[in-house]
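1. got a sequence here, can you model it:
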Amino acid sequence: MTRKSALSQPPATSNEGAQRPGEELDLPRVDAWLQSQLPGLRGTPRVTQYSGGASNWTYRLQYDSHDLILRRPPAGTKAKSAHDMGREFRLQQALRPVFPYVPEMIAYNAEDEYYVMQRLDGIIPRRELGVAMAPERVRALCFRFLDTLIALHEVDYVSAGLTNLAKGAGYVRRQIEGWNERYRNARTWNVPRGTRVMQWLAEHIPATETICITHNDFRFDNVVLDRDDPTRIIGVLDWELATLGDPWMDLGNALAYWVQADDDFLRRSTRRQPTHTPGMLTRAEVVEYYSSKRGIRPESWTFYEVYGLFRLSVIAQQIYYRYHHKQTRNPAFRRFWILVNYLHWRCGRLIAR
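-> Numbers count the residues shown, from 1 in each chain. The predicted structure follows:
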């Protein structure tokens with residue numbers, strides 16, 4: 001692990017700031033535990049919190065001798081539910097020897113339900129790329145982004161000791177049934193019933209499936225780029241949803257967020273990644289590159305494309321449901337019902353095609 005003085009580190013990134021009220025770490029307790037885990041840890045840490053994720057809370061701890069990241073679940077959750085820090089820690093620990101893009105895991109605190117890992121110093125692309133690059137270099141980055149996903153899908157998870165990560169076989173059907181149920185439970189009066197889309201997905205489950213390690217949130221804002229060569233990826237973050245799943249569903253999830261420069265106005269208004277940047281591949285080019293590089297073709301790409309969009313609609317609706325029922329007052333969620341309607345419209349267009 002690289003050990004630098006905190007004074008030599010670059011300034012905080014744009015989504016890194018003071019700890020949010022009510023989400024502060026018990027720093028003396030955390031520091032005492034880390035001192036027992038890391039020989040040579042020196043100094044009093046400067047603590048900042050990242051604002052990006054809406055699920056687990058993420059903090060940076062800058063010591064004189066170490067630069068660390070701490071991940072913990074939101075207040076009021078339990079580790080053995082949807083925010084299993086132990087699972088996330090053990091998965092990355094087992095995966096790192098065969099997939100070097102995983103950050104180095106430092107230690108897991110089972111009692112307080114958080115883990116600490118190495119901080120990767122690089123560029124995390126967000127709504128914009130974050131660095132000026134000519135179109136040909138952007139294209140090179142896009143290829144490397146996809147190559148990284150392909151490398152993950154080709155990991156021998158049996159040899160990596162990850163067979164117990166999830167059930168595996170039957171993954172596609174479980175996903176369709178699970179997301180259908182979540183949509184029904186979160187539906188409000190101002191979004192579609194979704195019957196046509198849900199029924200179509202249930203009736204068009206491919207006859208065959210391939211099982212591999214899937215990330216399930218593989219996006220540009222979850223990769224870290226080399227500061228000296230931003231076309232090179234040095235890390236992949238946020239393994240909370242990783243499992244043994246189907247690679248085409250993983251790609252479908254990734255492309256649900258992929259907004260092109262020539263998309264319609266509403267879709268462009270939802271963009272959260274720099275996939276519109278000159279040089280980026282189109283969604284069709286992404287599927288073609290992935291298929292050609294792996295030498296395989298999906299039984300029906302439309303199924304996975306509809307699945308990715310429908311899954312995204314459920315995620316958006318679950319967030320809107322909380323706003324609709326005044327469980328959150330974040331004004332950013334007020335119009336999510338429009339996005340849900342739009343995503344169902346896109347699903348319908350694909351099904352009709």
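2. from now on I want contacts and neighbour counts done on CA atoms only, so please keep to that.
-> Noted.
3. what values do phi and psi take at the closest residue to Met117 other than its chain neighbours?
-> Closest residue in space to Met117, ignoring its immediate chain neighbours: Met105 at 4.4 Å, by Cα to Cα, 6 or more residues apart in numbering. When read as degrees, to the nearest 10, the backbone of Met105 gives phi -80, psi 140.
4. the helices in the protein, which residues?
-> 27-37, 85-95, 135-153, 171-186, 195-203, 247-256, 265-269, 283-294, 301-324, 336-352 (DSSP state H).
5. quick one, what contacts the residue nearest to Met117?
-> Counting by Cα atoms under 8 Å, 6 or more residues apart in numbering, Met105 makes contact with 89, 92-93, 116-118.
6. whichever of these end up buried, select them in ChimeraX.
-> Command for ChimeraX that selects the buried part of the contacts of Met105, burial taken from 16 or more other Cα atoms under 10 Å:
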select :89,92,93,116,117,118
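7. would CSV of the contacts of Met105 with distance to Val287 be doable?
-> Converted to CSV, the contacts of Met105 look like this (distance: Cα to Cα, whole Å):
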residue, distance to Val287
Phe89, 31
Gln92, 27
Gln93, 30
Val116, 35
Met117, 33
Gln118, 33
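8. tell me the one of the contacts of Met105 nearest Asp217?
-> The shortest approach to Asp217 among these belongs to Gln92, at 14.8 Å (Cα to Cα).
9. wait, the closest one touches Val102, no?
-> Yes: Gln92 is in contact with Val102 according to Cα atoms under 8 Å; the separation is 6.3 Å.
10. tell me what the nearest residue to Tyr114 once chain neighbours are set aside is bridged to.
-> Of all residues not flanking Tyr114 in the chain, Arg72 sits nearest, at 4.4 Å (Cα to Cα, 6+ apart). Counting by DSSP bridges, Arg72 is bridged to Trp57.
11. show me what contacts Arg72?
-> Here Arg72 is in contact with 56-58, 85, 113-115 (Cα under 8 Å, 6+ apart).
12. show me where pLDDT drops low in the protein?
-> Counting by pLDDT under 70, the ranges of the chain that qualify are 1-14, 52-55, 76-82.
13. mind checking how far the most centrally placed residue in it is from Ala75?
-> Most central in the chain under Cα atoms, centre = their mean is Asp217, positioned 3.0 Å from the mean C-alpha point. Using Cα to Cα, to the nearest Å, Asp217 is found at 23 Å from Ala75.
14. can you check Glu128 too?
-> The gap separating Glu128 from Ala75 is 31 Å, by Cα to Cα.
15. again, but for Ile124
-> According to Cα to Cα, Ile124 stands 26 Å off from Ala75.
16. okay, now the closest residue to Met249 other than its chain neighbours: neighbour count?
-> Residue nearest to Met249 in three dimensions, not counting chain neighbours: Tyr304, with 5.6 Å by Cα to Cα, 6+ apart. By the criterion of other Cα atoms under 10 Å, Tyr304 has 25 neighbours.
17. residue contacts, Tyr304?
-> Applying Cα under 8 Å, 6+ apart, we find Tyr304 in contact with 248-249, 251-252.
18. now do the contacts for Val102.
-> 92, 95-96, 235-237.
19. give me the domain ranges for this protein.
-> Domain assignment for the chain by automatic domain parsing gives 6-118, 135-352.
20. need the winner for burial among the ones you listed.
-> domain 135-352 (a mean of 17; mean count of other Cα atoms under 10 Å).
21. end to end, how far does that one reach?
-> Domain 135-352: ends 35 Å apart by Cα to Cα.
22. gap between it and the chain center?
-> Domain 135-352 sits 9 Å away from the centroid of its parent chain (Cα atoms, centre = their mean, to the nearest Å).
23. what residues does stretch 259-272 touch?
-> Residues from elsewhere that reach stretch 259-272, judged by Cα under 8 Å, 6+ apart: 126-128, 257-258, 273, 275-277, 282-283.
24. can you check stretch 167-183 too?
-> 198, 201-202, 205, 209, 211, 244-246, 249, 307, 311, 314, 317-318.
25. how near is the residue nearest to Tyr323 when sequence neighbours are not counted to Thr195?
-> In space, and not counting its chain neighbours, Tyr323 is closest to Arg329: 6.0 Å by Cα to Cα, 6+ apart. The gap separating Arg329 from Thr195 is 29 Å, by Cα to Cα.
26. that concludes my questions; thank you for your assistance.
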